[in-house]
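> Following is a predicted model, sequence given first.
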Amino acid sequence: AQRVTQPEKLLSVFKGAPVELKCNYSYSGSPELFWYVQYSRQRLQLLLRHISRESIKGFTADLNKGETSFHLKKPFAQEEDSAMYYCALNPPGGYQKVTFGTGTKLQVIP
Amino acid sequence: KAGVTQTPRYLIKTRGQQVTLSCSPISGHRSVSWYQQTPGQGLQFLFEYFSETQRNKGNFPGRFSGRQFSNSRSEMNVSTLELGDSALYLCASSLVGGANTEAFFGQGTRLTVV
């Protein structure tokens, strides 16, 4: 069974401090991994996906297959980064069956 | 382009009733997925439709069903409502629904069962 674990419900950091949102997954294979974000009063939206290996809004995520982790990082937090962040996993193949983590609320303190 | 539209935004129903929720995907998107979001369980996958066929299903009882029309619009139905069905129901669409494709979410329908 596939599972995504985000151990922190709330993460508070000061503006300018580094951010690391943890995500561990359980899947016997090579899944597709994503980070979704939900800003206040907005809809859930994609932040980044592993396959793109991109940096979005200063965030990056590195897949560590040995530790089955996909932590989200940003070197310097900004106030506008305050939001709910969800790590998500989709099995490989041509369909959608996404498993989401329970989410981490990031609070950036000015 | 217009985003994913879910109607209605809010619903209040009584236990035992049934309810139908609607989702209009982004134009050109053929895959529609449904999720249930609750404070206790978070976001849980219900099912995915692609070209009018249910392609995947999550671990929900048969009271939860859905369908997709030829224009890719999708409906979700919950019969014999229970208090525990109170949740935010989210719909997401994607172009073809491949594993690494981006899902675009609607604002959700907030269902309250009393």
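Perfect, I can see it now. Numbers count the residues shown, from 1 in each chain, chains lettered A, B, ... in the order given.
> Let me see the contact set for the residue most central in space within chain B.
Closest to where the C-alpha atoms of chain B average out (CA atoms, centre = their mean) is residue B:34, at 3.2 Å. Residue B:34 sits next to B:23, B:45, B:46, B:47, B:48, B:66, B:74, B:76, B:89, B:90, B:91, B:92 when contact means CB atoms under 8 Å, 6 or more residues apart in numbering or on different chains. (Each C-beta comes from the backbone N, C-alpha and C, glycine too.)
> looking at it, the second one is touching residue B:37, isn't it?
Think residue B:45. No: the pair residue B:45 / residue B:37 is not scored as a contact, 10.8 Å apart, by CB atoms under 8 Å.
> Between the two, which has more neighbouring residues?
residue B:45 (23 against 17; other CB atoms under 10 Å in any protein chain shown).
> Quick check: bridge partners of the more buried one?
Going by DSSP bridges, residue B:45 is paired in beta bridges with residue B:35.
> which parts of chain A sit against chain B?
Within chain A, the positions near chain B by CB under 8 Å from any CB of the partner chain are A:31-32, A:43-46, A:49, A:51, A:86, A:90-103.
> switch the cut-off to 6 Å
Contact residues, chain A versus chain B (CB under 6 Å from any CB of the partner chain): A:32, A:43-44, A:46, A:51, A:90, A:92-98, A:100, A:102.
> before we move on, the earlier item: how close does the residue nearest to the centre of chain B sit to residue A:41?
For residue B:34, the distance to residue A:41 equals 22 Å [CB to CB, to the nearest Å].
> Using the three-state scheme, assign the closest residue to residue A:81 other than its chain neighbours.
Among residues not flanking residue A:81 along the chain, residue A:108 sits closest, at 5.3 Å (CB to CB, 6 or more residues apart in numbering or on different chains). Assigned with DSSP: H, G, I helix; E, B strand; the rest coil, residue A:108 falls in the strand class.
> Fine by me, thanks again.
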